[in-house]
Structures are given as structure tokens and as C-alpha cells.
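>>> sequence unavailable; structure follows:
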């Protein structure tokens, strides 16, 4: 039985929403970041990076405090304003190829701790600790955890009807995505939505494992304070059918001292290897892998496909067990500098270009895992290999803010 709650959100004023919201801070190149900060005084990036010129010269704690002060400045200047009552939001992102529609709400820390909200990725303790300190010092979060739920006909009917009403925001971002936000403030409508989620046994984190883990760690640290805002974390909840799951493809700097012939011969032990020449080939089914090596594409089809667990049958795990570890000597997928990852949302010509320019020796293309595989792992408390999924939608910073500091 899942629980969602409304909250007193902080959000941009209607006339400035397209100027305030930004992509995730990490997605900007230094040049793009400098340009945004120079020419857009309303960008939320000013809050996230308030001392960008001297960023390397200040401590982490000092930077977090500066983020909090800049955030308060935006509120005092009425660039951001706080709702006077608890609300939910219906939010839709329409990109060139996909449309994502879901509910922005507070998800329950208790559900997270009791495994009603299920996980499929491991977390790095230093990152969880870092973001926990960030939440504590800044007092807010603007990056909702992406959570998916099994499709619910009643919820879907409600979404279709609710979208017919006038939105709070309707704007386009520079990447040409269209964003629409509806505010849900009627107590009866909120209660109905909460009742619908009570009928859902399990929710699944799609993206944001570190964010949710950090919120849980902060709750554990500060629960004696009585601050009820710690009991929840901001989430964007979308049906499974709206989720877009991509693979992470792999590119490797060298063949671990193997010649091309030796490498192809070694692959043939576990795979049927077919040379596709110049065809831009990528797999369209499980147990098949694309490979780009020495100016040519190859199709690799696994010979033996009987596995005892869903974990062993994951394509990312198979590639590691059959190729990356035994042939290429890559043990640590997170930290080995010989391997890099390319989201499957990018064209495979990117991999071809990087190999052709001699920066890398070989590239591998995978099929994305299915939602059924992800749920099966989460239901059995199993963790996917690092960099197994790249999941959309990616949400904009500054559209909706969840304040962690107690309501005044």
C-alpha cells in the first residue's frame, strides 16, 4: 500500500518559469554554464552554483550555505514563491519522440524503508553522504526521484480528463521539449489520488537511487527533530507504459594486448560472430550484442542462453562475464579508466566516430533491459550491474522545489 502526500511547493512565477528552469547541473559544459549565468539572471543555475567563478576555492560546506542564501534571495525577489496550501501537480513533458505524464508528490520515507518503494541499483556511500549534507545545509530539493507504478486504468482516465483543464504552466525549453504543469489543490481530488495509490502494492525507483537514499539518511540523522518534512521526498510518479528505458553502451580503450584476430577467435567460443561490414547494426533482442571494431560492425549472438536467475541473464551481466572481465581484463565497472559509457539515446554513430578517431579500440551495443527485468530484480532485492539503464524522462531543475526546512 503506497502513500503519496501533497506539499507546500516552491515554484517560479508564471512569467519567469521558462527562464528559471534548467537542465540538470551536470549536463552543462563549462562554456554553456558560463553563458547561462552571464546572460540569464533568473536561471536556477545561479542557485545551484552561486559562486561559480570561485567554485574551486571554497569548501563544500561553504558552497552549500551559499546555495541556501541564493535560494532565499530568489524567494525574496519573488522569482520563486511558495504555495500557501499543500498541493500535488500533474506534469507532462512532450519531446520529439516521447510524451511522459505523471504526478509530482511527496513519497514516503517509511515506504522506502519498508521496501514498498523498491530499488534495483546500488548506491555509492560517499555520494549518498554528500547529497545528504547538501539537503541538510541547503534546506531544499529540486530533483524529484523518478518512480514508476503499474498502469492503473482509473488513474489513466483521470489524467486524460485532468489534462483538459487549464494548466498552471505551459512553456517550451531550449531543447524544444514542451512542458505542461497542472496544480492539484482540491482536497477531494487529492484524497482520491491518495486512495488510488493506496491500492498499489509496490512502487519502483526508475532513476534517483542516490537521492532517495540521501533523503533516508537525512531522516535517520534528524528524525528526533520532529520536522515532518523529513518524512517524505519529492517524486515524479509515472506509469510503466510512459517510462523509456535505454541501455548504456560500452566503449573500451584497448583490447588488453590481444590482436584483432585473437580477440575475434576468443569471442567465437561463446558467441556466433557475424561481420556486418559498414552496416550500422545494433541488437534488437536479448542475448545479442553489437560490436564496432577496426572500421566494421559485428553481430554477436550468444550460443548458450539458459540461465538460472534473471540477474545472470541480464545482457549487461553477460557482456561482463563473457567479454569485459575474461577477455579485456576489466574488473571494476565503476572505476576502470579503460571503459566509458554512452547512453543508448544517442546514435551509434557516436561510438563509430570515437573508435574511428583512435580514442577507443572497440565499442559494444546492448539491448535495453525491460521493465519486467527491472521489477523482477527489485522484487528479489537484486541489484543491476553498474550503468545498466539510462531512463527518461529527465526532469528540469527549478520547476518544483520541495523544502526540507520546517514550515514556518
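That came through fine. Computed from a predicted structure; not experimentally measured.
>>> let's verify residue 241: helix, strand, or coil?
helix (DSSP: H, G, I helix; E, B strand; the rest coil).
>>> tally of neighbours for it?
Residue 241 has 10 neighbours, counted by other CB atoms under 10 Å. All C-beta atoms are positioned from the backbone trio N, CA, C, and that covers glycine.
>>> separation between it and residue 276?
Distance of residue 241 to residue 276, computed by CB to CB, to the nearest Å: 32 Å.
>>> for residue 303, same thing?
Residue 303 sits at a distance of 18 Å from residue 276 (criterion: CB to CB).
>>> of those two, who's got more company?
Per other CB under 10 Å, whichever of residue 303 and residue 276 has more neighbours is residue 276, with 15 against 11.
>>> need the nearest residue in space to that one, chain neighbours excluded.
With sequence-adjacent residues excluded and distances taken as CB to CB, 6 or more residues apart in numbering, residue 276 is closest to residue 297, at 4.3 Å.
>>> make sure the one you found is indeed in a strand.
Yes - under three-state DSSP, residue 297 sits within a strand.
>>> which residues does it bridge with?
residue 277, residue 292 (DSSP bridges).
>>> I'd guessed it sits against residue 280; true?
Yes - with contact defined as CB atoms under 8 Å, residue 297 reaches residue 280; the gap is 6.7 Å.
>>> who are the contact partners of residue 211?
Residues in contact with residue 211, defined by CB atoms under 8 Å, 6 or more residues apart in numbering, are 131, 141, 143, 145, 233.
>>> and it, helix, strand or coil?
Under three-state DSSP, residue 211 falls in the helix class.
>>> mind listing what's buried in the strand or helix carrying residue 134?
Using DSSP states H and E, residue 134 sits in helix 125-138. For helix 125-138, the neighbour count (16 or more other CB atoms under 10 Å) marks 128, 131, 132, 133, 134, 135, 136, 137, 138 as buried.
>>> and the pLDDT for the last one?
At residue 138, the predicted lDDT confidence score is 95.
>>> let me see the contact set for it.
By CB under 8 Å, 6+ apart, the contact list for residue 138 reads 64, 67, 68, 71.
>>> and the third one, how many neighbours does it have?
It stands for residue 68. Around residue 68 there are 17 residues (other CB under 10 Å).
>>> ranges for the helices of the stretch 51-200 of the chain?
Secondary structure of the stretch 51-200 of the chain by DSSP state H, counting those that start in this stretch: the helices cover 60-76, 109-113, 125-138, 153-162, 187-198.
>>> for the fourth one, what is the average pLDDT?
Per-residue pLDDT values across helix 153-162 average out to 97.
>>> give me the residues contacting it.
90, 101, 182, 184, 192, 193, 196, 239.
>>> again, 7 Å this time
The contact list for helix 153-162, computed with CB atoms under 7 Å, 6 or more residues apart in numbering, reads 90, 101, 182, 196, 239.
>>> the third one against residue 90, yeah?
Yes - in this structure residue 182 lies within contact range of residue 90 using CB atoms under 7 Å: 4.2 Å.
>>> low-confidence ranges in the stretch 251-400 of the chain?
Nowhere does the stretch 251-400 of the chain drop to pLDDT under 70.
>>> that one: helices as residue ranges?
260-267, 315-319, 349-356, 371-379.
>>> picking that back up, closest to residue 50 out of the contacts of residue 138?
The nearest member of the contacts of residue 138 to residue 50, counting by CB to CB, is residue 67 at 5.9 Å.
>>> which residue packs closest to the closest one, ignoring adjacent ones?
With sequence-adjacent residues excluded and distances taken as CB to CB, 6+ apart, residue 67 is closest to residue 138, at 4.8 Å.
>>> surely residue 213 touches residue 123?
Yes - Residue 213 is within contact range of residue 123, at 4.8 Å (criterion: CB under 7 Å).
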